[in-house]
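Student: No letters, just coordinates:
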DNA sequence: TGACATTAGTCACCAGAAGTGACTAATTCG
DNA sequence: CGAATTAGTCACTTCTGGTGACTAATGTCA
C-alpha cells in the first residue's frame, strides 16, 4: 500500500516519517503534496508491509522520496487519540530521520523542504507528530550525535558550531565550544582545508568518536526548573 | 474489552502499562498473572475503548489494578515488529507510570511487584516495552521530577538522595547533592521532623519547584562519548 | 548518667569546567 | 601593501561539583 492508494482499506496503523535537514541556517522538514488539494501538504506516510519492522518501513518511505538512507532514524512516538490523519488508521507511529545538509533532494513539485518556522497547515495528527519529533531530536542532542548527522562527512568546526547553535537555539562562544569538543574526543582533523572566499581557510574534520571513560559527571537538578 | 476476554477480536492496537515503584531500595514493576499459566506473568494491558485517548486508557488500566492515579505517566514508545504479545494486536503502545512508594498495593495473587533485577520471563514484545520504559524513566530524570514522583508528598532529603542514587545507579555525595538541590529551588522545608530510630531526626521537605531562569548552562558534548 | 554509635546537616577547600575577551594566523579584496 | 574577514588559540576569571571534616541531635547501652 502506498500513499496513492490509501483508500484501499483501513490499515491497523501507519508510519509517519519526519525527515529533517538544515537549509539556510534553519531546520527544515520534508513534506509531500497531498493528492487532496493543490496546496495541501502532509508528512510522507505509509502502512507497514508484511514482514517489515516499523523502522524498515520508515526507511523504505525515505527511499521512495528519493532520499538515500537517512543518516539517523529514531521512533518519535505513537499518535492517535482521534486526531485526523490522511490514512484512516487509528494510530500512527512517527519516525524522525535526519538527512545531511547538501544531500541531493527530490526535485519535482511533489516533495519540498519547509523551514520549521514556515510550515503549512498539516493534518492534526501529523502536526503533533512533527512537534514531537522535533522535541525528540533536540532532546537527543546530548545522547546522540545528532548535530553530526545533519552535516556532511567532512565539515569545519565553525559549521559544527553553527549546527549546535541551530539545534540549541542560542549562540555559543567559539573557544568554549572547541574546548568542550576537544575534551570529548568526538572529531579528528583531516589534512584537507577549505577556503570559503575571504578569510583564513578552515581545516576539515570528520566525526570519529573515541571510547572514553563513562563521563562521570555531576547531578543536574537545575534542568528541572 | 478487558484482558480476560482478549480473544474476542483482534484489536488494532493495545496499550501496555509499565507501572514502576521503589520497594526495598530497588525499582519494581507491577505484573499480572497470565490466565495462560500459573506461573506466567505479563504487563497489564488492554485495548482502547471508543473515545478514549491512549493516555486515558493507560490511566484506566491503572485504576483496574487497584492503583490510584499514577503520580506520573508518559508514553514509552510503540512496539510491534512481529514480536509476540498476549493480545493479537500488531502493535502496542507502552506507557510508563510511576507510583509513589508506600502506596497501598493490590493484594491478591493476581498482581505483584517484581524487582527489576528479578523479573520473570515476559512475552517478547512486552520485554522490549519494559526495557524501553525503564530507559525512558531514567532518561527523563533531568527533564522531569521523576524521583519526586516515586516518593510520598513529604520526604527527607536522605530519602530523596537515595531515590536519585537508585535511578542513577551510583552513589552521590551528601554535600554535593544538597548543594545542587539548593540552587535548583525544587524543594521547600516543612516544619515537621521525622525520627527514624537512632540518630538525629530529619526535617521533612515537599516538592515545590519555583520558576527560575532557564538554566543557561554549557554544552555537554562529553555525554556523547 | 555519661560515653558511644548513628544519622542529619553544614562548611571550607580544592580541582576541573565553562565564560569571556583578546590575541595571532592566513587568506581575499581593493 | 593595508584593511577586512574568517580561523584558531590563549590566558584569565568565574562557577560548579568532589571531597573530607566538622557540628548537631537523637538513641543505645554499659
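Tutor: Cool, the structure landed. What you see is a predicted model, and the numbers here were worked out from it, not measured in a lab. Numbers count the residues shown, from 1 in each chain, chains lettered A, B, ... in the order given.

Student: can you give me phi and psi for the closest residue to residue A:87 other than its chain neighbours?
Tutor: Setting aside the residues directly before and after it, residue A:87 is nearest to residue A:14 in space (C-beta to C-beta, 6 or more residues apart in numbering or on different chains), at 4.5 Å. All C-beta atoms are positioned from the backbone trio N, CA, C, and that covers glycine. Taking degrees, to the nearest 10, you get phi -130, psi 160 for the backbone angles of residue A:14.

Student: Please tell me how far residue A:14 sits from DNA strand C.
Tutor: 41 Å (C-beta to the nearest atom of the strand, to the nearest Å).

Student: Beta-bridge partners for that residue, please?
Tutor: For residue A:14, the beta-bridge partners are residue A:47, residue A:92 (DSSP bridges).

Student: And the strands in chain A?
Tutor: A:13-23, A:26-33, A:41-42, A:45-47, A:72-79, A:91-98, A:111-115, A:154-156, A:187-194, A:202-207 (DSSP state E).

Student: out of those, nearest to residue B:135?
Tutor: When the strands of chain A are compared by C-beta to C-beta, strand A:72-79 sits nearest residue B:135, at 12.3 Å.

Student: packing partners for that closest one?
Tutor: Applying 3 or more C-beta pairs under 8 Å, 6 or more residues apart in numbering or on different chains; DSSP states H and E, one finds that strand A:72-79 contacts helix A:54-64, strand A:91-98, helix A:124-140, strand B:72-79.

Student: of all the ones you listed, which lies closest to DNA strand C?
Tutor: Closest approach to DNA strand C among the helices and strands packed on strand A:72-79 (C-beta to the nearest atom of the strand): helix A:124-140, 17.6 Å.

Student: Let me know the average pLDDT across the closest one.
Tutor: For helix A:124-140, mean pLDDT rounds to 97.

Student: what inclination does it have with respect to strand A:91-98?
Tutor: 40 degrees (axes from the mean of the first three to the mean of the last three C-alpha atoms, to 10 degrees).

Student: So which residues make contact with helix A:124-140?
Tutor: Helix A:124-140 is touched from outside by A:16, A:18, A:20, A:27, A:29, A:42-43, A:45, A:74, A:76-77, A:79-81, A:83-86, A:92, A:94-96, A:98, A:116, A:119, A:121-122, A:146, A:167-168, B:143, with contacts defined as C-beta atoms under 8 Å, 6 or more residues apart in numbering or on different chains.

Student: hmm, 7 Å instead?
Tutor: Helix A:124-140 has contacts (C-beta atoms under 7 Å, 6 or more residues apart in numbering or on different chains) with A:16, A:18, A:20, A:29, A:42-43, A:74, A:76-77, A:79-80, A:83-85, A:92, A:94, A:96, A:116, A:122, A:146, A:167.

Student: Narrow those to just the buried residues.
Tutor: For the contacts of helix A:124-140, a neighbour count by 16 or more other C-beta atoms under 10 Å in any protein chain shown gives the buried set as A:16, A:18, A:20, A:29, A:42-43, A:74, A:76-77, A:79-80, A:83, A:85, A:92, A:94, A:96, A:122, A:146, A:167.

Student: Could you list the residues of chain A in contact with DNA strand D?
Tutor: When proximity is defined as C-beta under 7 Å from any atom of the strand, chain A approaches DNA strand D at A:156-158, A:174-175, A:178-179, A:196-203, A:216-220, A:222.

Student: What's the PyMOL line that selects buried ones from these?
Tutor: Those of the residues of chain A next to DNA strand D that count as buried under 16+ other C-beta under 10 Å are selected in PyMOL with:
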select buried, chain A and resi 156+157+178+202+219+222
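
Student: Among the residues of chain A next to DNA strand D, name the ones in helices.
Tutor: Using DSSP state H, the members of those that fall in helices are A:157, A:158, A:174, A:175, A:178, A:179.

Student: Pick out the most distant pair among those.
Tutor: Maximum distance among these (C-beta to C-beta): 15.0 Å, for A:158 and A:179.

Student: out of the helices and strands packed on strand A:72-79, deepest packed?
Tutor: Among these, ranked by average contacts under mean count of other C-beta atoms under 10 Å in any protein chain shown, first place goes to strand A:91-98 (a mean of 27).

Student: That strand - what's its average pLDDT?
Tutor: pLDDT averaged over strand A:91-98 gives 97.

Student: now it against strand A:13-23, angle please.
Tutor: Using the same axes, to 10 degrees: strand A:91-98 against strand A:13-23 is 20 degrees.

Student: Compute the inter-axis angle for strand A:91-98 and helix A:54-64.
Tutor: Using the same axes, to 10 degrees, strand A:91-98 lies at 60 degrees relative to helix A:54-64.

Student: For stretch A:38-46, list every residue counted as buried.
Tutor: With the criterion 16+ other C-beta under 10 Å, stretch A:38-46 contains buried residues A:40, A:41, A:42, A:43, A:44, A:45, A:46.

Student: and the residue of chain A nearest DNA strand D?
Tutor: Closest point on chain A to DNA strand D, by C-beta to the nearest atom of the strand, is residue A:199, at 2.2 Å.

Student: Now residue A:77. Nearest residue, chain neighbours left out?
Tutor: residue A:132 (5.0 Å).

Student: Could you pull up the contacting residues of the nearest residue to residue A:147 once chain neighbours are set aside?
Tutor: Spatially, and ignoring its direct neighbours in sequence, residue A:147 is nearest to residue A:163 (4.5 Å; C-beta to C-beta, 6+ apart). When the contact criterion is C-beta under 7 Å, 6+ apart, the partners of residue A:163 are A:22, A:147, A:150, A:151.

Student: Write out the residues of chain A neighbouring chain B.
Tutor: Within reach of chain B by C-beta under 7 Å from any C-beta of the partner chain, chain A has these residues: A:12-13, A:53-54, A:75, A:77-78, A:80-81, A:90-91, A:93, A:142-143, A:145, A:164, A:172, A:176-177, A:180-181, A:183-184, A:186, A:209, A:212, A:215, A:217-225.

Student: which of the contacts of residue A:163 tops the neighbour count?
Tutor: Using other C-beta atoms under 10 Å in any protein chain shown as the neighbour test, the contacts of residue A:163 are led by residue A:147, with 26 neighbours.

Student: Please spell out the segments of chain A that come in under the pLDDT threshold.
Tutor: A:1-10, A:107, A:211-218, A:223, A:225 (pLDDT under 70).

Student: how about a cut-off of 80?
Tutor: Within chain A, the ranges that satisfy pLDDT under 80 run A:1-11, A:37-38, A:67-68, A:105-108, A:211-225.

Student: what number of residues lie near the residue nearest to residue A:192 when sequence neighbours are not counted?
Tutor: Closest residue in space to residue A:192, ignoring its immediate chain neighbours: residue A:204 at 4.5 Å, by C-beta to C-beta, 6+ apart. Residues lying near residue A:204 (other C-beta under 10 Å) number 19.

Student: Thank you, goodbye.
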